[in-house]
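*Asks:* Below is the structure, and that's it, no one-letter string:
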C-alpha cells in the first residue's frame, strides 16, 4: 500500500501531479454542499484525461435503458443525476497561450482539501519556455450556509514574469455525460444573458424539464497601492457566457480573481422567478464578499463536525481516514430535504447515476440516526413519499403490496438486469428495517404510527404474495431471488431474504398491535383504510411460522441459499492473488458458480438481528462464510467488522475496518477514479460506533460494549440519543461517557447499569 | 383461427390488402436463393408501415453490444446480417403523382407466391381520382441457378387511363436496420456509375469490409405492333442510381418493365474484380432474358422439390403448410456453401440477426440429412471450421476445450445475456449430436474420423472442465446452467444438459475406440496431436459413471433440474387464456419462478436418445412435462409431436404438429411480422418423417413405424439413404415403400424385415 496523500488529521494533501491518476484525485477532491457538488477537476482547461462533473442533487435525466433483450417488467429508463452547467471554469492564457497542465511545464503542484473548513486549494508554479515563473493558487468552496452559492478564487503571482495574463471565468452549458447510453446530450439552452455585472445561463433538462438558472459575477482584487491595468470584456458564445480579463503584469504584480456563482433550480424555486432569484442570491453573495461567505460556511460545517466527528489518537492515518468518510457524508446529505437521498458515489462521479440503492437504509442509516435523528427521519420520508410508486412497481410484476425499487431517484425502478431488478427483493426488508431501527433508537413511535406502518403493511403484502407454499414440505419458500451476495443469482430460499421477509411480517404485526393497544380509534381507522382482515393477518402469521430456512446440519450453519453447499467449497485464500478482485479477472459464470461471496449475506442477517442468534451460532456462521467472502462490494467489510467485534474477533474486526476506512484515499479497489464509495464510508463510521464501541439499543436502553483496537491510543465520538448528547471516549484504560446535554439517563455498559447526569463524566475500565 | 391465405396445394394467395398486417405479409412473401433474399415488400415506395429488408447471406456487421451492466466474458459485438442495397425498388408515378398504396385508391389487390416455381407476383388495379384505372402486375424471382441474379417485372395495363406513367427502377445503398443498436448506418459507398446500359452501386460494410457490387439493367417490353414512346433518362443521386422511363399511354397501351439485377460480394469474388464480375453476370442475364432465366430457375427448384416434397392428401391446408415450410428451407439453405448456415428467420426479417443458433443441429439437421446428406455435411463443416474460435470462447470463460457460441456467424459469440451466453451450454452437446446423427444415418465414418473427432474431443474437454465434483455426494454435477427451457435460468443440474454432456464423453470415447480399431496409425497420430492421455480418458469415464441426474422418486420422472419440484406445480390449463403467451403477459421473474416450460427440455433428451429409456419412462415424463409446457419457442411442438408419436399418443402428436406446420401462415404466435420461424419449419417436416412415419436408424438399419393422422387421407415423402432414394407413402390401408434408385436394401418396418429391390414397391398394412 502506497499512500498518495500526506498524513494529516484534518487535511488531504497531494503533492505533485500524476496525470495517470488524475481521475482518482478528481474523485478524492470532490466537494459538495448537499444541494450541489463537483469533482476536483481544474478550473482552467486541461487537455489530459479528466472526468469533469458538476452535479445538482435531484436534477436527473431518464436515460433510455440499454439492455440486451427486453423482458416484460423492465424499466424504460435509468434516471441519472447528470453533469450540469460548468460554473467552475476559468480559461487562463499567458501571453495568449492557454494554460494547460497537460502540456505546460510547472512545479510545486499541491492540492489541499481542508476538511474541517470545507475548502479545496490548489497551487502550482507555472514555468515558461524561458524560465519565467508564475505562481497560481486556486481555492473553492460550496457554501454550507447558502446552498445555492459557490465561491472560487485564483491568486496570480508573476514571480519573474512580465506580459499579459488573460483570465476568462465562464459558465458553460454545453456539457455531457460519459455514460450517456446513446451518446445524447441532456440539456437544452433556455436563456443566456450577460451584463457588465452578471452573466446568466439558464438550461433545462430534456424530458424531465428541470430548469437551472446559473449566474456568475467576477472581480479582480489587487493589493492596495499597486493598481492594476485589467481590461474586462464581456464574452458570449453558444451556451457560454463569461468575462475576459486581460491583465498586463510584471514580476510581483500579484492579483486575485474571485468568481461568485449562484445555482438555482426549479426543484426549489418557481420557474418564472428562477432567474430573478438566482440573480438576487448572487448579488447578496457578492455584497457579502468571499471572506464573509467563507466564514459563514465554516461555521455551518463546524456545527456538523460537532455532531459527527470521531477523534482517533495514535494513528494519524486512521484519523484522516474516518474524517474523510464523515466529510464526504456531510458534503452529500445532511437531511435538509426529504426529496434527496444518498447516491453510492455522492457528487464524485457518474457511476451509479447518483441514484438511491438499499445502501441508504442498510449502511448509511445508522450514521445519520445516531448523530442527528431528524436527518435519518427524512431518509424515511423519502421512501414514504414513494410508496405509491413502490406499489405500482409490485403491480408491474403481478404482485400485491409494495416493492421498493433496487435503484431509483423518483420512486420508479431504474435497474435493467432481471436478476437484480426483479429478484434482489431483500431490499424491501431493509426499508422496513430502517423504520424499526429509527423507532428503536429514538423511542419515538410517531413516525411508525403516522407513516411507517403504511409502508410496513404494503411491504408485508408483497412478501405474502411473493412466497410460494410448498405442499410437499409444508412450508413457505421464496423462489427465484438474488440475495445481498450478488455473486449468485436467481437462487431459491436465500436465507437472509427469507429471514428479513418473515421478520417484516412479524414487525408489522407487532406494530399493528402496538397501535391497537395505544390508540384503538386510530387503529380502527387504519384497519379500515387498508382493508386489513383477520385472514390476511393469519396468513402473515402462518407464513412466518412456516417459513423455510436452509440449514446445514453437519456444520450447524445457515445455508446461504438452497444448493449453496453443492458448490466447490474453497476459501478466498485458495485464490491466486493475481486473480483478485474476481470481478476483474473471472468471467461472470465462473463467479456465479463459485462459492465466493461478494458481500455480507448470511452475515448481514446476523448483523441486523443479533438478538435472534446465540454467540456460538454467530461464530460458526462467521467462521464459515467470512473466509469465502471476497468483499468486492465496499459495503461488505464494515458489516463483517461489526459482527467480528461482537463475537470478540478483535483483530479480524480491525483488519476488516481498515478495508473501508481508507478505501478511497488509498484506492484500495483501484476504482476510485470512477468516484468515491460514499455509502460504504458510513459503514466505516458504524464499524467504530457499533463495532468497537458496541453501541446498540437493547430493551429500550442505550448499551455499549467498547474496546480499543490495538493500533490506536484512543477514540472518541458523540451521539445524539433521545434528546441527549453524549460523548464516548475509549482509551487504553477506560471508557468515559459524558452526558453533554439533556436529561439524566441510565445506559448499559458491559451489561452494567451506568446512570449519567448532565455534563458529568463517568468512566469504567475497558474489558 | 382465421386463415389469411387461400387454401392451395402449391400457392400462397392473399386477396385484398391489409395495411395493419403488412409486415406479416411481407414476412410470408419472403423469397431467397441461399445467396440472398428479401422480404415481400413493395417495389414502389410505400409510405405505410413496412419493414424493407434485403439480406445477403454471410454479409454481416458486428453491431456494438447493447447491455445493461457489462460483465467479464461478454462479447463486444452482435454480428447481424444487415439490410443491404435495395435493388427491388421501382418508383412509379402516374401523371407525376407517386403511386403509393398507403394513400391511393386501388382494388383487386392480390399476391401469389408460387412455391413450386419460386416466384412472387402481385397485382392490383389502381383507381384514379376520376375513376381512371391502371392494372399493375409485379413479378419477382431470385434465380436458384444463377445465385447472383434476380429478375423482376412490372406489367402495366392502363385500362381506361391516358397520361404519362413514369417508372424509375433503381439501386439504393442508403438503407438501415431497424435494430441498429445505436442507430448507426452500416454501409459506406465505394462507387456508383451509370451508363445507358448498366447502373452500378458498390457499397462496403463498415468494420467487416464486405464489398458488394450491385448492377442493374432495365428494359421496356411492349406488344409487337403497338410501339411505345418511352423516354429513358439516367438518374443518379447520392448512393442511388436508376433509369427514369416516362411512358405516355392511352387505354390499352400495355407494356412491361423488366429489371435485371446482379449482386456480387467479396465473400465470393476477388475485390478487385467484383464490379467487372457483377457487370458480366448482369450482361449474361440480360442476354438470356427473363423467360429463359425463369425456366432455368424453375428447373433448379424442381430438382430440390423432387428431393424434399411431402405430398399430403385429404387436407389441403396441411399440404400447403408443409410445402411452405419446405419452400422456405430451400430458399434459405441448400448446402452449397459451408460458410453459410441457417438463421432462425432466414431472409425474412431482422430479428435474431440472421445468425446461427443450436436450432441448426437440433432442429434443422434431420431435414437436410434425410433428403440430401451432403447438405447436412456442410452444416457440420460450418462448425468444424469454427473450432478454433470455440476453443477461444471456452478459454475466455477460463475453461478448457471448446464451447461453441450460442449465437454466431463467424464463430465468435454474439449473445449478450449471461444466463444464455455463459450458461446455455447444452448447445455444445447438440453440435456433438449432429456428428453422431450424420454418421449413424449415412453409415459413413469418414467425416467423423477426419474432422468430427476433433470437435468431439474439444467439446468433451469442455464438459470435463465444466463439471463440479461434489465430494459430499460423490458425484459430478453441472452447476449454473440454463437448459433448453429458457424459462428458468442459472439452475444446477439441468437433466438434459447433464445427459448430453455425459453422452458426449461416451460417444467421443467410442469414436476414439472405433478409430483405434479401424486405423491404428491414424489413431496414434490423433492421440499424439491432441495429447490425449489415459488419465484424461479415465476422467471422462469417471465423470460419465458418476454423473448426477436429478430424479423424482415418487413420480418416477427425471427432474428438469435441481429444485424444479419446489415450484408451484400447475399445468398450462390452469393459466387463464388471456395470459398466454406468458412472455407477452407475465413479468420475467414470474415466468422464471413458475413451473412452466418454454420448450422441450427433459423431452428433448427423450427425443434424442429414445433407446436409453423404456416406453413407460418416456410416457411418465411426457405426461408430467408436456402439460406444463407452453411451447413458446416455435421449436417446441415438433419435438413433443415426435415423442408423442413414439409413445402412441397419436392425437396429441397431430395436435402438436399443427402448432408449427402452419405457424406462420396462420400467424399462430402473432409475431410473424418480425419474420418467419424458419428453424421450426424443419421440425414440422421431421414431425412427419420421424413422428408419423417413425423413421429412424436402429442397429445400422433404416426403420419405419408409420401411422396416418386421422385428418389425412395419405402422405408421401422421399428420402435419400446411403446411395438410395426411397419413397414412402402412407395411406389409410398401408404403407408403401419404393426404392426409386440405388442398390437393394433391407429395412425394418414395425420391427419386420422388408427387403427392397430397385424400383419395386413393397406394401404393408399400417398398424
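*Replies:* Yep, it's here. A quick note: this is a predicted structure, and the numbers were derived from the prediction, not measured.

*Asks:* Low-confidence ranges, the stretch 251-400 of chain A, go.
*Replies:* Judged against pLDDT under 70, the stretch 251-400 of chain A has no low-scoring part.

*Asks:* Return the residues of it in contact with chain B.
*Replies:* Neighbours of chain B within the stretch 251-400 of chain A, by Cβ under 8 Å from any Cβ of the partner chain: A:396-398. For glycine as for every other residue, the C-beta is placed from the backbone atoms N, C-alpha and C.

*Asks:* Let me have these in TSV, adding neighbour count and secondary structure as columns.
*Replies:* Converted to TSV, those look like this (neighbours: other Cβ atoms under 10 Å in any protein chain shown; DSSP: H, G, I helix; E, B strand; the rest coil):
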residue	neighbour count	secondary structure
A:396	16	helix
A:397	21	coil
A:398	15	coil
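
*Asks:* of the residues you listed, closest to residue B:201?
*Replies:* residue A:396 (47.9 Å; Cβ to Cβ).

*Asks:* In contact with that closest one: list those residues for me.
*Replies:* The contact partners of residue A:396, by Cβ atoms under 8 Å, 6 or more residues apart in numbering or on different chains, come to A:73, A:413, B:587.

*Asks:* Looking at the residues of the stretch 251-400 of chain A next to chain B, spot the one nearest chain B.
*Replies:* Nearest to chain B out of those is residue A:397 (Cβ to the nearest Cβ; 4.3 Å).

*Asks:* which ones are touching the nearest residue to the closest one once chain neighbours are set aside?
*Replies:* Nearest residue to residue A:397 in three dimensions, chain neighbours excluded: residue B:587, at 4.3 Å (Cβ to Cβ, 6 or more residues apart in numbering or on different chains). By Cβ under 8 Å, 6+ apart, the residues touching residue B:587 are A:71-73, A:396-398, A:422.

*Asks:* Counting neighbours, what do you get for the closest residue to chain B within the stretch 301-450 of chain A?
*Replies:* Proximity of the stretch 301-450 of chain A to chain B (Cβ to the nearest Cβ) peaks at residue A:422, 3.4 Å away. Residue A:422 has 30 neighbours, counted by other Cβ atoms under 10 Å in any protein chain shown.

*Asks:* Now do it against residue A:212, distance only.
*Replies:* 35 Å (Cβ to Cβ, to the nearest Å).

*Asks:* re the thing from before, so which of the contacts of residue A:396 is the closest to residue A:551?
*Replies:* So of the contacts of residue A:396, ranked by how close each gets to residue A:551 (Cβ to Cβ), first place is residue B:587, at 30.7 Å.

*Asks:* per-residue confidence for the closest one?
*Replies:* pLDDT for residue B:587: 93.

*Asks:* what about it, distance to residue B:490?
*Replies:* Taken as Cβ to Cβ, the span from residue B:587 to residue B:490 is 17 Å.

*Asks:* Could you do residue A:649 as well?
*Replies:* 33 Å.

*Asks:* okay, the two: which has more neighbours?
*Replies:* In this view residue A:649 and residue B:490 are compared by other Cβ under 10 Å, and residue B:490 has more residues nearby, 24 against 19.

*Asks:* So that one is in contact with residue B:420, correct?
*Replies:* No - Residue B:490 is beyond contact range of residue B:420, at 10.4 Å (criterion: Cβ atoms under 8 Å).

*Asks:* if I look at those two, which residues touch both of them?
*Replies:* residue B:482.

*Asks:* all helices for the stretch 501-650 of chain A, in order.
*Replies:* Taking DSSP state H, counting those that start in this stretch as the criterion, the stretch 501-650 of chain A carries its helices at A:520-530, A:534-545, A:588-593, A:602-608, A:615-625, A:636-646, A:650-661.

*Asks:* Nearest residue to residue A:307 in space, please, no chain neighbours.
*Replies:* Closest to residue A:307 by Cβ to Cβ, 6+ apart is residue A:371, at 4.7 Å.

*Asks:* can you tell me which residues contact the one you found?
*Replies:* A:307-308, A:718-720.

*Asks:* and those as CSV, adding neighbour count, distance to residue A:87 and secondary structure?
*Replies:* Compiled in CSV, the contacts of residue A:371 are given as follows (neighbours: other Cβ atoms under 10 Å in any protein chain shown; distance: Cβ to Cβ, whole Å; DSSP: H, G, I helix; E, B strand; the rest coil):
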residue, neighbour count, distance to residue A:87, secondary structure
A:307, 19, 30, helix
A:308, 24, 28, helix
A:718, 20, 35, strand
A:719, 22, 37, strand
A:720, 21, 35, strand
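
*Asks:* Can you lay out these as TSV showing distance to residue A:498?
*Replies:* Formatted as TSV, the contacts of residue A:371 follow (distance: Cβ to Cβ, whole Å):
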residue	distance to residue A:498
A:307	37
A:308	35
A:718	38
A:719	33
A:720	35
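
*Asks:* Looking at the residues you listed, which is nearest residue B:4?
*Replies:* Nearest member of the contacts of residue A:371 to residue B:4, counting by Cβ to Cβ, is residue A:308, at 71.3 Å.

*Asks:* List phi and psi for the closest residue to the closest one other than its chain neighbours.
*Replies:* Closest residue to residue A:308 apart from its sequence neighbours, by Cβ to Cβ, 6+ apart: residue A:371 at 4.7 Å. Taking degrees, to the nearest 10, you get phi -100, psi -30 for the backbone angles of residue A:371.

*Asks:* Over to residue A:199?
*Replies:* Torsion angles, degrees, to the nearest 10, at residue A:199: phi -110, psi 140.

*Asks:* now the one 5 residues further on
*Replies:* According to degrees, to the nearest 10, the main-chain angles of residue A:204 amount to phi -130, psi 140.

*Asks:* Roughly how far does it sit from chain B?
*Replies:* 24 Å (Cβ to the nearest Cβ, to the nearest Å).

*Asks:* residues in contact with that residue?
*Replies:* Counted by Cβ under 8 Å, 6+ apart, residue A:204 has contacts A:187-190, A:210-212.

*Asks:* Can I get the residues you listed in TSV including secondary structure and neighbour count?
*Replies:* Below are those laid out as TSV (DSSP: H, G, I helix; E, B strand; the rest coil; neighbours: other Cβ atoms under 10 Å in any protein chain shown):
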residue	secondary structure	neighbour count
A:187	strand	21
A:188	strand	13
A:189	strand	15
A:190	strand	16
A:210	coil	22
A:211	strand	21
A:212	strand	24
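
*Asks:* Any regions of chain A where pLDDT drops low?
*Replies:* In chain A, residues with pLDDT under 70: A:1-2.

*Asks:* wait, what's in contact with whatever residue of the stretch 51-200 of chain A ends up closest to chain B?
*Replies:* Nearest residue of the stretch 51-200 of chain A to chain B (Cβ to the nearest Cβ) works out as residue A:73 at 3.3 Å. If you count contacts by Cβ under 8 Å, 6+ apart, residue A:73 has them with A:396-397, A:418, A:421-422, B:587-589.
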